[in-house]
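Q: Let's see this in three dimensions:
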Amino acid sequence: MMDIIALYDIFKKCGAVATDTRTLKGGELFFALKGENFDGNEYAMKALESGAAYAVVAADSAVAACSADDARIIPVGDTLKALQELARWHRSMTFVDGKPLTVIALTGTNGKTTTKELVREVLSVKYNVTATEGNLNNSIGVPLTLLRINDKTQIAVVEMGASHPGDIKELVDIALPNYGLVTNVGKAHLLGFGSFEGVMNTKGELYDYLRRTGDKVFLNADNPYLCRMASERNLHNDPERPYSLVLPYGLEYRKARVLEPSSEHPYLRVAVPADGSTGEIVIETGLVGAYNADNVMAAIAVGQHFGISLEEAAGAVSSYVPSNSRSQMVRTEKNVLIVDAYNANPTSMEAALGNFGIFSADRKAAMLGDMLELGSDSQAEHERIVSKAMETGLDSLFLVGTEFGKALTELAGKHCAETVSCSADMSEYVCEGLRVFHFASSQELASWLAGNPLAGHAVLIKGSRGIRMEKVIEML
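A: Below you'll find the predicted structure:
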């Protein structure tokens, strides 16, 4: 088996890695990863034929046995572990001005991708930043991010996702961060975590790592759960160290305030006291929703710690344009859409509805898709969100998916005067004067909208990734 030093020499010669033959440009080191529904070993020869310089394959695979004399085939015990070990080694061997590369690890239940993007924008004012692309934040994505670090990188920002205990520990042991930031903790992936405490413990694995290494935590001092997690780990006053490991931030902590949205200023604006003066700097953003204020304050705090002025950081935040269905406002010919459909859990769904409730519009509709992976809490959480939606001042409520269907059936007897229509794919109720529709899938809702156009509305669109709520956008 090839050792990590020899593999690293090959990687340095190639300059890039790939795990998908469709993304090959030529000269890469291809890793044949194996999942539940695919086996990359079966594509190793195709990768070489498509331009990869080498292919890392499982030693017990057929391609390894059949290509023993091919120097381009590199057999290892576990291709994923080899990818992770290579990434860790590359991170360890990267220096900036003679010092180890600075790596910022970022996780949280909600807002981690938006915060990562804002942090990237702010740090890019002064530094060459390598950051996670999209949400490649798992056991494969984190190594791929680290292996994109090059000789121009001055700071790396690595997003980390988790759905089971131990996930964050695995990722920090690969990335070896110097700084960490947990955006928040909420009710998500409860099926994997088991409970809200399980969420806190898993996100807290980032704090555990940084306490061991004596490195720094950016802490939202306004968030009681994060403060509790920090306090339980003595991060504020570690008896083993004469200094705090905490770099605090927050709206209240910074005495900042969220400005009320209006028709002239529909996007989030945050007024932050100017450094060294009695005035304020108003940070204009392209984000929808006051719940994004914490993400903005996190990016400002990171930037200022690394020598970027408040004015420069504010300008960088203002230049950020959200994409990929995250906190976007989209004006169509017929409606104004609030698109936050990349993912959903009870915490983010409640925040989105709360923000939509104060959004100024003549007519409002919400289109909500199931929140997945909630385990035994699913029924109660979906019922709670339906009840919350009914109190939001909507003209129409559209619910999509099995879980919302169960919740609506349960609540119908308490709130709904009549069932207008019902079929296998769609049901319509009148609940305390509110028209409530339920559809089996987002495609069914999209098809219904094609024949029943909606116009002149502000529309909130949100749901878990697996529900694909973005399918309705083109019909609005």
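
Q: Quick one: the strands in the stretch 51-200 of the chain, in order.
A: Under the criterion DSSP state E, counting those that start in this stretch, the stretch 51-200 of the chain contains strands at 54-58, 73-76, 95-96, 99-100, 102-107, 129-131, 155-159, 179-182.

Q: Indicate each strand paired with the fourth one and its parallel or antiparallel sense.
A: What it means is strand 99-100. Paired strands of strand 99-100, with direction, are strand 95-96 (antiparallel) (DSSP bridges).

Q: Next, the residue lying farthest from the centre of the chain: phi, psi?
A: Distance from the C-alpha centroid of the chain, by CA atoms, centre = their mean, peaks at Asp69 (43.6 Å). Dihedral angles of Asp69 (phi, psi; degrees, to the nearest 10) stand at phi -100, psi 0.

Q: if we can go back for a sec, of the strands of the stretch 51-200 of the chain, which approaches Glu470 most closely?
A: strand 155-159 (20.9 Å; CB to CB). Any C-beta I mention is one placed from the backbone N, CA and C, and that applies to glycine too.

Q: which strands and helices sit next to the closest one?
A: strand 102-107, helix 112-123, strand 129-131, helix 141-146 (3 or more CB pairs under 8 Å, 6 or more residues apart in numbering; DSSP states H and E).

Q: quick one, which of these is nearest to Val400?
A: Here helix 112-123 is closest among these (CB to CB), at 22.5 Å.

Q: That closest one vs strand 102-107, what angle?
A: Interaxial angle, helix 112-123 versus strand 102-107 (axes from the mean of the first three to the mean of the last three CA atoms, to 10 degrees): 150 degrees.

Q: what angle separates helix 112-123 from strand 155-159?
A: Orientation check (the same axes, to 10 degrees): helix 112-123 against strand 155-159 gives 170 degrees.

Q: And Ser447, how close does it get to Met426?
A: 9 Å (CB to CB, to the nearest Å).

Q: pretty sure Ala59 is touching Pro75, no?
A: Yes: contact criterion CB atoms under 8 Å: Ala59 and Pro75 qualify, at 4.0 Å.

Q: Need the residues touching each of these two.
A: By CB atoms under 8 Å, 6 or more residues apart in numbering, Ala59 and Pro75 have these common neighbours: Met1.

Q: Compare these two (neighbour count), which wins?
A: Pro75 (20 against 13; other CB atoms under 10 Å).

Q: Quick check: beta-bridge partners of the more buried one?
A: Bridge pairing for Pro75 - DSSP bridges - gives Val57.

Q: How about Arg435, nearest residue that isn't a chain neighbour?
A: Distances taken as CB to CB, 6 or more residues apart in numbering put Ser396 closest to Arg435, at 4.9 Å, once the chain neighbours are dropped.

Q: Let me know whether the one you found touches Phe437 as I believe.
A: Yes: in this structure Ser396 lies within contact range of Phe437 using CB under 8 Å: 7.1 Å.

Q: Looking at these two, which is more packed in?
A: Neighbour count, other CB under 10 Å: between Ser396 and Phe437, Phe437 has more, with 21 against 17.

Q: what helix or strand is that one on?
A: strand 434-439 (DSSP states H and E).

Q: swap in Ile10?
A: helix 4-14.

Q: Can you lay out the helices and strands packed on strand 155-159 as a markdown table showing mean pLDDT, mean neighbour count and distance to Asn292?
A: Converted to a markdown table, the helices and strands packed on strand 155-159 look like this (pLDDT from 0 to 100; neighbours: other CB atoms under 10 Å; distance: least, CB to CB, whole Å):
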| stretch | mean pLDDT | mean neighbour count | distance to Asn292 |
| --- | --- | --- | --- |
| strand 102-107 | 97 | 25 | 15 |
| helix 112-123 | 96 | 26 | 6 |
| strand 129-131 | 98 | 21 | 18 |
| helix 141-146 | 97 | 24 | 23 |
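
Q: hey, which helix or strand in this structure has the poorest pLDDT?
A: When the helices and strands of the chain are compared on mean pLDDT, DSSP states H and E, strand 416-422 comes out lowest with a mean of 57.

Q: Pull up the pairing partners for the helix or strand following that strand, direction included.
A: Counting by DSSP H and E, the next helix or strand C-terminal to strand 416-422 is strand 426-431. Here strand 426-431 is paired, per DSSP bridges, with strand 416-422 (antiparallel), strand 434-439 (antiparallel).

Q: quick one: pLDDT of the closest residue to Met200 other than its chain neighbours?
A: Distances taken as CB to CB, 6+ apart place Val185 nearest to Met200, at 5.1 Å, with adjacent residues excluded. pLDDT for Val185: 90.

Q: One more: the one 5 residues further on?
A: In this model, Leu190 is scored at 75, pLDDT.

Q: how is the protein carved up into domains?
A: Per automatic domain parsing, the structural domains of the chain span 4-78, 94-319, 328-475.

Q: Comparing these, which yields the minimum mean pLDDT?
A: domain 328-475 - the lowest mean pLDDT of those, at a mean of 87.

Q: still on that earlier bit, for the strand holding Phe437, which positions count as buried?
A: Buried residues in strand 434-439, counted by 16 or more other CB atoms under 10 Å: Leu434, Val436, Phe437, His438, Phe439.

Q: next one: stretch 19-33
A: Thr19, Thr21, Leu24, Glu28, Leu29, Phe30, Phe31, Ala32, Leu33.

Q: CA atoms only for it, dumped as PDB, please.
A: C-alpha atoms of stretch 19-33 as PDB (Å, rounded to 0.1, in the frame of the first residue of the first chain):
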ATOM      1  CA  THR A  19     -14.400  11.900  -7.500                       C
ATOM      2  CA  ASP A  20     -16.700  12.100 -10.600                       C
ATOM      3  CA  THR A  21     -15.600  11.200 -14.100                       C
ATOM      4  CA  ARG A  22     -18.000  13.900 -15.500                       C
ATOM      5  CA  THR A  23     -16.000  16.700 -13.900                       C
ATOM      6  CA  LEU A  24     -12.600  15.700 -15.200                       C
ATOM      7  CA  LYS A  25     -10.600  18.300 -17.100                       C
ATOM      8  CA  GLY A  26      -7.400  16.400 -17.300                       C
ATOM      9  CA  GLY A  27      -4.400  15.500 -15.100                       C
ATOM     10  CA  GLU A  28      -6.400  14.900 -11.900                       C
ATOM     11  CA  LEU A  29      -5.900  12.300  -9.100                       C
ATOM     12  CA  PHE A  30      -9.200  10.400  -9.200                       C
ATOM     13  CA  PHE A  31     -10.600   8.800  -6.100                       C
ATOM     14  CA  ALA A  32     -12.900   5.900  -6.600                       C
ATOM     15  CA  LEU A  33     -15.300   6.400  -3.700                       C
END
